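Visitor: heads up, no residue letters with this:
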């Protein structure tokens, strides 16, 4: 007990630094009886808004088929870059220029390998034409060097809602929106360990590469979190909060923002760069709190300002019984379908079965929450 109280005191001190909660909060917060007004958001979701995105498809390599990079700019800091190498066997390897992000990504999300590596990325525009360079060392020591030049300036007509094809079919349900894109021009060149590989689209008539300015991506992912409840509110009032710690030592804070009758608005933040801020709406039903919507805003937990207003981010709407819809920013109802949930002993399971668009039907989302001493969250993506 003494060790637990010491850890909790340190935790609350960290929270004071992390979310602005006063560090003098008592080290023995009130805790609800088990099962009463417990709250976890069961879906593993995230959202990112990238200023730059590039992908190049190529032919002739025995293992690799394409390379992709997403770049998020930050004020006063280096950009966050994720470079993805796709292989013929369906394996995707994520390369990050942030070591903590790579660690958390691989530990939380299933079906993906993530590594840290320095990444060179530079972009400029000449006469409206994007020119960029992407260079990094792969997980097995290869030198990837991409010089990309657009055939024309980025145009909204080449953007819009993106069909992911079969990429990561068993690991994610991705929603991607390109604001303005340009296809690769003839000057684009890719080498691996100094050997050139020609660009070749993944299907007849598809260009060998694209650059996008303002690329938005929201994803439901397969993965696993093991949570220990450290603190829970004695009352469901604004300013009260739940605190969990997961198996990586990441803190998960659920703070009640507003209460309107039986309806609650809750802000969820974590200390991990792999998980974005979420704004939840929920309803108190007896001793339970029922999730009605979850919106991933794309911000990380160290941003203490008020969350951006809706519809910013990836929004899962569960407010209509038996149905769900998913939106990206102002683009509403991009994926829709049927929703169900059931309780089996200590496990509760939610299932989202996409109906539209047709490509999403093979990516059923299942989220389970099992409560014993700790809380286990598991997400799966599969054929229905």
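Guide: Yes, it's here. Nothing here was measured: the structure is a model prediction, and the numbers come from that model.
Visitor: Does the strand or helix carrying residue 315 pack against any helices or strands, and if so which?
Guide: Using DSSP states H and E, the element containing residue 315 is strand 314-317. In terms of contact count using 3 or more CB pairs under 8 Å, 6 or more residues apart in numbering; DSSP states H and E, strand 314-317 is assigned the packing partners strand 45-57, strand 288-296, strand 323-328. Every residue, glycine included, has its C-beta placed from N, CA and C.
Visitor: With distance to residue 186 and mean neighbour count added, can I get those in CSV?
Guide: CSV is the format used below for the helices and strands packed on strand 314-317 (distance: least, CB to CB, whole Å; neighbours: other CB atoms under 10 Å):
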stretch, distance to residue 186, mean neighbour count
strand 45-57, 13, 22
strand 288-296, 39, 20
strand 323-328, 33, 21
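Visitor: got these as JSON lines, with mean pLDDT and distance to residue 192 columns?
Guide: What follows is those, written out as JSON lines (pLDDT from 0 to 100; distance: least, CB to CB, whole Å):
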{"stretch": "strand 45-57", "mean pLDDT": "97", "distance to residue 192": "11"}
{"stretch": "strand 288-296", "mean pLDDT": "96", "distance to residue 192": "34"}
{"stretch": "strand 323-328", "mean pLDDT": "98", "distance to residue 192": "33"}
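Visitor: CSV for those, including distance to residue 232?
Guide: Output for the helices and strands packed on strand 314-317, formatted as CSV (distance: least, CB to CB, whole Å):
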stretch, distance to residue 232
strand 45-57, 23
strand 288-296, 11
strand 323-328, 27
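Visitor: who wins for proximity to residue 122 among those strands?
Guide: Closest to residue 122 of the helices and strands packed on strand 314-317, according to CB to CB: strand 45-57, at 10.2 Å.
Visitor: tell me the angle the closest one makes with strand 323-328.
Guide: 60 degrees (axes from the mean of the first three to the mean of the last three CA atoms, to 10 degrees).
Visitor: center of the chain - which residue?
Guide: Within the chain, the residue whose C-alpha comes closest to the C-alpha centroid is residue 46; the distance, by CA atoms, centre = their mean, is 2.2 Å.
Visitor: How about that one: which residues does it bridge to?
Guide: Here residue 46 sits in beta bridges with residue 219, as judged by DSSP bridges.
Visitor: Likewise for residue 52?
Guide: residue 71, residue 213.
Visitor: measure it to residue 187 for me?
Guide: For residue 52, the distance to residue 187 equals 18 Å [CB to CB, to the nearest Å].
Visitor: Cool, thanks, signing off.
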